[in-house]
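1. Return atomic coordinates for the entry below.
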Amino acid sequence: MRKLFFALLISLSSYLADAQEYEFTPVIDIEATEVKSQDITGTCWSFSTTSFLESEIIRLTGKHIDVSEMYNVRNTYTKKAWNYVMRQGKAQFSQGALAHDVINAVKENGLVPELAFGGFKVQDKYNHIEVESTLKAMLDNYISSRAGSLSPTWKKAVEQTLDLYIGENPEEFTYEGTTYTPQSFLEMTKLDMDDYVTITSFTHQPYYSSFILSVPDNFSNGSMYNVPLNEFMDVIDNALKNGYTVEWDTDVSEKTFSAKNGVAFIPENDNDAIKGLTEIVKEKNITANYRQQEFENYSTTDDHLMHIVGTMKDQKGNVYYKVKNSWGTNPDRVSNKGYVYVSKAYMELKSISVLVHKDALPKAIKKKLNL
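-> Numbers count the residues shown, from 1 in each chain. Here you go, the predicted model:
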């Protein structure tokens, strides 16, 4: 009996030694603006990429500017409407888009601060359910009812609808005592939209070339540079190491992604999916082939964009990426004040792409891509 007692005690001690709740320590922490909420909208692509540009403005000028997310959203809806109509309704029309759509919108329409264009809220929340359904119904009507030629009023109707639901584009505004246009405000921030590139890693396309990734939200057919998985991770690590933040497109449909617990991971044993929300668990070794398999069978989908601003370590030395989300800071819904700590395995497996400054690329990779 005594031997059994000691055996049980040793077993329990071993279990408690292995069962360790997360203790995170910052390693790299790059300055970013406050966490916001995208509310009831599918506009994570604008909230995250705008946050990315805000950190770039800090890096380039030292200025902390609250940039308007909805200005870029409003102008991207115009592009989506054009794409949908020209494809005669044989395309996706939704609230979703990708990081390069913000870059395109800024390049064409300039940049404005939140003070100049906040977008319309209903009961203190953004809600784009009605604007999406209204626009789609309108466009479907124009497409189906045209008799030989499309009505010339559809573009004006789209703009009027966007003015009503989101707001009218400002031609001029005053910021900190100076009058700007959207283009002159962009110039003041020192941002150059030609400096940003999208990097991805898939085996169905040749490495070190660019291609159009076929995911539903890539309505604008944006190109991405393809690199091996280890170099994809090198891009992220090199950027953060050198003071550049990273815009991240990923899959958050996994039950091991939890904003409530503030962690994301890929357990080696699927039975550890719940345990890993609060405790360190062993994770899978991610290969390029496994990553490709999960993409092609729809286990990895393009459904959320966020902003990587640093790295963390747990008490065992495991590395996590500090990711700024856009689901607000309500402690009933999120942990870590709106940030999620994402494991290396999750980053390797569930990433769709990243957007970075060209100078953030490792020199060898930059050379291979002829950038």
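2. where does the stretch 1-150 of the chain have low pLDDT?
-> Counting by pLDDT under 70, the stretch 1-150 of the chain shows low-confidence ranges at 1-19, 146-150.
3. So which residues of it form strands?
-> All strands of the stretch 1-150 of the chain, identified by DSSP state E, counting those that start in this stretch, fall at 25-29.
4. Name the residues of stretch 132-148 that are buried.
-> Using 16 or more other C-beta atoms under 10 Å as the test for burial, stretch 132-148 gives 132, 135-136, 139, 142-143. Every residue, glycine included, has its C-beta placed from N, CA and C.
5. Can you tell me which of these is nearest residue 253?
-> residue 132 (20.6 Å; C-beta to C-beta).
6. In helices, which of the buried residues of stretch 132-148 appear?
-> If you go by DSSP state H, those have 132, 135-136, 139, 142-143 in helices.
7. JSON lines please, covering those and showing distance to residue 76.
-> Below are those laid out as JSON lines (distance: C-beta to C-beta, whole Å):
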{"residue": "132", "distance to residue 76": "12"}
{"residue": "135", "distance to residue 76": "12"}
{"residue": "136", "distance to residue 76": "15"}
{"residue": "139", "distance to residue 76": "15"}
{"residue": "142", "distance to residue 76": "19"}
{"residue": "143", "distance to residue 76": "20"}
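8. Nearest to residue 282 among those?
-> The closest of these to residue 282 turns out to be residue 132 (C-beta to C-beta; 42.2 Å).
9. Confirm that residue 342 sits in a strand.
-> Yes - under DSSP: H, G, I helix; E, B strand; the rest coil, residue 342 falls within a strand.
10. ok now do the closest residue in space to residue 68 that isn't next to it in sequence, which residues does it touch?
-> Leaving aside its chain neighbours, residue 68 sits nearest to residue 117 (4.3 Å; criterion: C-beta to C-beta, 6 or more residues apart in numbering). Taking C-beta atoms under 8 Å, 6 or more residues apart in numbering, we find residue 117 in contact with 68, 70-71, 74, 167, 169-170, 173.
11. Same question for residue 308.
-> Counted by C-beta under 8 Å, 6+ apart, residue 308 has contacts 236, 240, 245-248, 321-324, 342, 354.
12. Export those as TSV, with columns for distance to residue 219, neighbour count and pLDDT.
-> TSV is the format used below for these (distance: C-beta to C-beta, whole Å; neighbours: other C-beta atoms under 10 Å; pLDDT from 0 to 100):
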residue	distance to residue 219	neighbour count	pLDDT
236	26	23	98
240	30	23	98
245	25	29	98
246	23	26	98
247	18	28	98
248	20	26	98
321	28	25	98
322	30	24	98
323	25	25	98
324	25	26	98
342	27	27	98
354	20	26	98
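13. what would those residues look like in CSV with secondary structure?
-> Formatted as CSV, the contacts of residue 308 follow (three-state DSSP):
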residue, secondary structure
236, helix
240, helix
245, coil
246, strand
247, strand
248, strand
321, strand
322, strand
323, strand
324, strand
342, strand
354, strand
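14. from these, which is closest to residue 204?
-> The closest of these to residue 204 turns out to be residue 354 (C-beta to C-beta; 18.5 Å).
15. show me the contacts for that closest one.
-> By C-beta under 8 Å, 6+ apart, the neighbours of residue 354 are 198-200, 232, 235-236, 246-249, 308.
16. and what of residue 115?
-> Residues in contact with residue 115, defined by C-beta under 8 Å, 6+ apart, are 66, 173, 175.
17. how far away is the second one from residue 69?
-> I take that to be residue 173. Going from residue 173 to residue 69 by C-beta to C-beta, to the nearest Å gives 16 Å.
18. okay, the two: which has more neighbours?
-> The residue with more neighbours, out of residue 173 and residue 69, is residue 69; 27 against 16, by other C-beta atoms under 10 Å.
19. Could you double-check that the more buried one sits in contact with residue 43?
-> Yes - in this structure, residue 69 is within contact of residue 43 by C-beta atoms under 8 Å, at 6.7 Å.
20. Identify each buried residue in the longest strand anywhere in the chain, please.
-> The longest strand of the chain (DSSP state E) is strand 304-313. Judged by neighbour count using 16+ other C-beta under 10 Å, the buried positions of strand 304-313 are 304-312.
21. Using a markdown table, lay out the contacts of residue 354 together with distance to residue 368.
-> Output for those, formatted as a markdown table (distance: C-beta to C-beta, whole Å):
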| residue | distance to residue 368 |
| --- | --- |
| 198 | 16 |
| 199 | 11 |
| 200 | 14 |
| 232 | 13 |
| 235 | 11 |
| 236 | 17 |
| 246 | 19 |
| 247 | 21 |
| 248 | 22 |
| 249 | 22 |
| 308 | 22 |
